[in-house]
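Undergrad: Model the structure of this input:
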Amino acid sequence: MADAPVDRSACPRCGGDLDTFVLGDARAVACEDCGYADVPADHSPAERVDEESWASILRRYQRGGNDDGDDG
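TA: Below is the predicted model:
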C-alpha cells in the first residue's frame, strides 16, 4: 500500500490552517491559531560556566572590590 499524501496545509501542532510566507528561495509556514512556526530552534539549556559563589563575591566586596574574580 502506498503512503498517503501529507497535507502540508494543516498545522502539525493544532491542525489549524498554515500561512505560507515566501521570500526569494526561502519558505516558511506559521499557524495563527497556536503560534507554531516552522523555524528550527534549539531549546536545550546553554552550557553552564563556572559561576562565582556568593561567599566569594562578599569576600571580594569586603576587600574593596578586586575585579579579577580570584579568591587568592
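
Undergrad: quick one: the residue nearest in space to the middle of the chain from R13, how far?
TA: In the chain, the centroid-proximal residue (CA atoms, centre = their mean) is H43; its distance is 4.2 Å. Distance, H43 to R13, by CB to CB, to the nearest Å: 15 Å. Glycine gets a C-beta too; all of them are placed from N, C-alpha and C.

Undergrad: Show the pLDDT at G69.
TA: pLDDT for G69: 52.

Undergrad: er, A37 actually
TA: pLDDT, A37: 89.

Undergrad: That one: neighbouring residues, count only.
TA: 13 (other CB atoms under 10 Å).

Undergrad: and what of E52?
TA: By the criterion of other CB under 10 Å, E52 has 10 neighbours.

Undergrad: Can you classify it as helix, strand or coil?
TA: Following DSSP: H, G, I helix; E, B strand; the rest coil, the label given to E52 is coil.

Undergrad: Name the nearest residue to Y36, ignoring sequence neighbours.
TA: Counting by CB to CB, 6 or more residues apart in numbering, Y36 lies nearest to R13, which is 4.5 Å off, once chain neighbours are set aside.

Undergrad: all helices of this protein, in order?
TA: Secondary structure of the chain, counting by DSSP state H: helices at 54-62.

Undergrad: show me where pLDDT drops low in it?
TA: 1-8, 66-72 (pLDDT under 70).

Undergrad: Mind doing that once more with 80?
TA: 1-8, 39-43, 48-49, 65-72 (pLDDT under 80).

Undergrad: which residues does G16 contact?
TA: Neighbouring residues of G16 by CB atoms under 8 Å, 6 or more residues apart in numbering: 10, 31-34.

Undergrad: do that again at 7 Å, thanks
TA: G16 is in contact with 31, 33-34, counting by CB atoms under 7 Å, 6 or more residues apart in numbering.
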